[in-house]
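what's the 3D shape of this:
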Amino acid sequence: MAKNDPGTGAGVDASKVEQVLQTETGGRALTGPAAVILFIVPVCWSLFQLWIASPLPFILNFGIFNSTEARSIHLAFAVFLAFSAFPMIKGVHANKVPIYDWVLALAAAFAASYLYVFYDALSQRPGAPTTMDLWVALGGLVLLLEATRRALGLPLTVVAAVFIAYSLAGPYMPDVISHKGVSLNKLASHQWLGTEGVFGVALGVSTSFVFLFVLFGALLERAGAGNYFIKVAYAMLGHMRGGPAKAAVVSSGLSGVISGSSIANVVTTGTFTIPLMKRVGFPATKAGAVEVAASTNGQLTPPIMGAAAFLMVEYVGISYLEVIKHAILPALISYVALIYIVHLEACKLKMEGVERLNRPTLAQRMLNWVVILIGLIVLTFAVYYGVGWTKGVLGEAAPWVLGPILVMIYVGLVGYATRFPELEEDDPNKEMNELPEVGPTVKTGLYYLLPVVVLVWCLTVERFSPQLSAFWATLFMIFIVITQRPLKAFFRKHGGLMSEFTGGISDLFHSLATGARNMVGIGVATATAGIVVGTVTLTGIGLVMTQFVEFLSGGNLLLMLIFTAVISLILGMGLPTTANYIVVSTLMAPVIVTLGAQNGLIVPLIAVHLFVFYFGILADDTPPVGLAAYAAAAISGADPIRTGVQGFTYDIRTAILPFMFIFNTQLLLIGLTGWFDLLVTVFSAVTAMLVFSAATQGFWFTRSRKWETLLLLLITFTMFRPGFWWDMIYPPNEERPGTAVMEYVADVPADGEVVLKVSGMALDGSDVTTYVELEIPEGETAQERLAGAGLEVSEQGGDLVVDFVNFGSAAEDAGIQFGWTIDAVQIELERPPKELMFIPALLLLGLVAFGQLRRKAREDAQPQPA
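Residues are numbered from 1 along each chain as shown. Take a look at the predicted model:
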């Protein structure tokens, strides 16, 4: 039974919440000199990260660090804090740091910073490490594993240790995964003294992108944006049926957008939302499950999607803006569906909304929505075209003009906010019988949106790197944290400006410390996951995995996707999302792309990476080890396993999305031909997800019968993938002999794609038959256009043979090799649009709705028992 602690809310077990939060903020509660050190060091880490992200080093020509040096210092801070903030054994030395932990912390920091301290010397002897180098590398690996165990538990530590053992014991492995093995010297050098292993891409992303976004979220939370988002969601949605639960979904989603951690989302927003849902009638298990589902999905929502999204930029080789574009539609329809699931749950429980103060009339509500909509449109166009015009006129001087204007807008919004009462923290013990007004609630914190506007503007319009975009947004957020308190005091004429300014400075330093301590787990996780990546490059296990998975799945792409999803879920039960994504994407993404191509399905790399990303996040609420479910259960007082099971049933809608966008890449906004195509895709995807939600809940207008649920599932599949049925009637393409390539290529539009079936001998000596997609540039003749794509061919004995592949060309990127044969070319056939399948699906949906509405009318007409 949960304790009733008024400090954290009804039904909240504060000790359990604190235990769950240990993986987020550090495991020791310290006082005295140790507490001061564990405050100063994180602050220094945050200041270092701000420095390397800023343009100042290059302007001043001072303090410039290359990427390897920055990663080395980043990891040094992370492992120092891991040893000093987390005890060796949970519950032992929870209030002090023993001497041996200080020694281990300093030793780990030295090993991590070795690449920075001796960078020049190591650069002069690549591949020829000294005895000192090897001892430091081996010691560093051992200490990193221990730091990971302390900060994140055993699972990731075990995974990394297994891969290290695999590197050393390659000759003794079963034949299917054996390799020649590596020496201890080679292992240490590869994993620690270069950028192939621990200090690889994953740690680089943590260093350059992720830290700033985590710090940005910590600053927003400290400034009061988290409470503001919760209050706004309550005010806008609380009057609906099951409104507090819908508000929980929205507020958790907003919190997830800026924090990127599902466990932190659950604990920060769930402390308020879960007791609130219980107060309006939701059972404890379902209240916790709703919060879990909303918080885990926060990591799927652009513009900030957690560390894994930034890793995609490096692994897939596309801009962060492209990642956002591909991820936005699945994230939005997933959230719309979760709100609808909450609505269905409220209908089942026959709930009503909470009464709002000064309830507006229907006409007033419609007018409010129209004004808000028009206001947003006008504001968007004014900012976009206004700033664009300013940039065109002022050129390089534009930031010096736009910056002061932004500050003036901020000051004006803070002054406007002071006309309304300050938002109070919600009291979970208070009876929920009325809601605040929307207008005053929204207006008290409009200025919190400005840093997010700066972030999105830098990412999407200026096309700055994620690191520089996060720097400018964080810098503006720092300005807000320091100035909002004295500005409010000034506008309210309270006096005490200096004390309020001092309070703002205190808030800033606490935010810097909190942001850095929240990064300890991510820092060591990305470093340790780098061991897995290093093992792949060291042993060549990537090629082995292709054969192994093909053997297990029999070459069936759907079975292989299920296999990958299960691996992601199993690993994700013990690994953080970031580490899980690195491990599974490194091993499985190339396999899925390769085997898909061999089966005639060209799967975009971003689709596969998002597939792995989704299932890694879903592991946070997958029993029996879903940490987010444990966090929610600690607050709700329900059983964590039941909470996890219920949360996973809500998240089934998210689990089917990755399968759908593998086979229908239009859901990722790939291959759309115009606005109408986009609107049809959005409509069909949202409809499909809502119908699927009704099917899985067994309730639409009333409780569904089994045959109705089956029909709803059939309609869902058709709306998500109309091509499955349409291809049976009208084949999308036909294969013609490879010798017909020249004739077809001549008619392909400029920069259009052509799909070729090619075969030949792979580098490992095996025979390969696969499909490749080749982009064809402009040219006078078919030969010129193929040459522009990097391909020279000739006809030999009735076959079209590849004579030459240009280095760095589209043909080489597609995987075509010299001496291969082009067996066939896929010709797109003229056919009616596959979206015509929506018509019978919608008619069938109308039939199910008609039957349910008639049944509901009969049920409502029956007299209720006294």
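
Torsion angles phi and psi at residue 671?
With angles defined as degrees, to the nearest 10, residue 671 sits at phi 80, psi 20.

distance of it from residue 32?
Distance, residue 671 to residue 32, using C-beta to C-beta, to the nearest Å: 61 Å. Bear in mind the C-beta positions are built from the backbone N, C-alpha and C, glycine included.

show me where the stretch 401-550 of the chain has helices.
According to DSSP state H, counting those that start in this stretch, the stretch 401-550 of the chain carries its helices in the segments 438-443, 449-460, 466-492, 497-518, 520-539, 541-553.

In three-state terms, label residue 827 for me.
When the structure is split into helix, strand and coil by DSSP: H, G, I helix; E, B strand; the rest coil, residue 827 lands in strand.

Show me what it bridges to in the sheet.
Judged by DSSP bridges, the bridge partners of residue 827 are residue 734.

Could you do residue 703 as well?
In this structure, residue 703 has beta-bridge partners residue 699, where bridges are defined by DSSP bridges.

Count the residues that sit near it.
15 (other C-beta atoms under 10 Å).

Equivalent analysis for residue 136, please.
Other residues within reach of residue 136 by the criterion other C-beta under 10 Å amount to 22.

mind listing what residue 282 touches?
Counting by C-beta atoms under 8 Å, 6 or more residues apart in numbering, residue 282 touches 242, 245, 290, 345, 349.

Skip the chain neighbours and tell me the closest residue to the last one.
Counting by C-beta to C-beta, 6 or more residues apart in numbering, residue 349 lies nearest to residue 281, which is 5.7 Å off, once chain neighbours are set aside.

Go ahead and confirm that neighbour touches residue 345.
No - taking C-beta atoms under 8 Å as the contact criterion, residue 281 and residue 345 are not neighbours in contact, 10.0 Å apart.

In terms of neighbours, single out the busier of those two.
Per other C-beta under 10 Å, whichever of residue 281 and residue 345 has more neighbours is residue 345, with 23 against 18.

From residue 650, how far out is the more buried one?
With distances defined as C-beta to C-beta, the gap from residue 345 to residue 650 amounts to 9 Å.

Need the residues touching each of these two.
Common neighbours of residue 345 and residue 650 (C-beta under 8 Å, 6+ apart) are residue 290.

how close does the residue lying closest to residue 752 once chain neighbours are set aside get to residue 86?
Sequence neighbours aside, residue 776 is the residue nearest to residue 752 in space, at 5.8 Å (criterion: C-beta to C-beta, 6+ apart). Plainly put, residue 776 is 56 Å away from residue 86 if you go by C-beta to C-beta.

returning to that earlier point: now, which of the contacts of residue 282 sits nearest residue 330?
Using C-beta to C-beta, residue 290 is the member of the contacts of residue 282 that sits closest to residue 330, with 19.8 Å.

And the next helix or strand past the helix or strand bottoming out on mean pLDDT in the chain?
Least confident helix or strand of the chain, by mean pLDDT, DSSP states H and E, is helix 14-25 with a mean of 44. The element immediately downstream of helix 14-25 (helix or strand, assigned by DSSP states H and E) is helix 33-53.

quick one: that next one to helix 520-539, angle?
Using axes from the mean of the first three to the mean of the last three C-alpha atoms, to 10 degrees, the direction of helix 33-53 lies 60 degrees away from that of helix 520-539.

Residues contacting helix 33-53, please?
Judged by C-beta under 8 Å, 6+ apart, the contacts made with helix 33-53 from elsewhere in the structure are 26, 28, 30, 57, 63, 65, 70, 73-74, 77, 80-81, 84-85, 96-97, 207-208, 211-212, 215, 467-468, 470-471, 474-475, 509, 512-517, 519.

just the buried members of these?
Among the contacts of helix 33-53, the ones that count as buried by 16 or more other C-beta atoms under 10 Å are 26, 28, 30, 65, 70, 73-74, 77, 80-81, 84-85, 97, 207-208, 211-212, 215, 467-468, 470-471, 474-475, 509, 512-517, 519.

Let me see the contact set for the closest residue to residue 454 other than its chain neighbours.
Excluding its sequence neighbours, the residue lying closest to residue 454 (C-beta to C-beta, 6+ apart) is residue 473, at 4.7 Å. The neighbourhood of residue 473, defined by C-beta under 8 Å, 6+ apart, consists of 216, 451-452, 454-455, 458.

Name the nearest of those relative to residue 410.
Within the set of the contacts of residue 473, residue 451 lies nearest residue 410; the separation is 9.4 Å, counting by C-beta to C-beta.

and the closest residue to that closest one other than its chain neighbours, what does it touch?
Across the structure, with C-beta to C-beta, 6+ apart as the measure, the residue nearest residue 451 apart from its sequence neighbours is residue 477 (4.4 Å). By C-beta under 8 Å, 6+ apart, residue 477 lies in contact with 216, 219-220, 223, 451.

Kindly recompute the last result at 10 Å.
The contact partners of residue 477, taken as C-beta atoms under 10 Å, 6 or more residues apart in numbering, are 215-220, 222-223, 225, 448, 450-452, 454-455, 470, 508, 511.

how close does it get to residue 511?
If you measure residue 477 against residue 511 using C-beta to C-beta, the figure is 9 Å.

between those two, what contacts are shared?
215-220, 222-223.

Now pLDDT too, for those, in JSON lines please.
Output for the shared contacts of residue 477 and residue 511, formatted as JSON lines (pLDDT from 0 to 100):
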{"residue": "215", "pLDDT": "86"}
{"residue": "216", "pLDDT": "84"}
{"residue": "217", "pLDDT": "77"}
{"residue": "218", "pLDDT": "83"}
{"residue": "219", "pLDDT": "88"}
{"residue": "220", "pLDDT": "82"}
{"residue": "222", "pLDDT": "86"}
{"residue": "223", "pLDDT": "86"}
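
Most widely separated two among these?
Within those, two members stand farthest from each other by C-beta to C-beta: 215 and 223, at 12.5 Å.

Would you mind grabbing the residues shared as contacts by the two?
Taking C-beta under 10 Å, 6+ apart as the contact criterion, the residues that touch both residue 215 and residue 223 are 477-478, 511.
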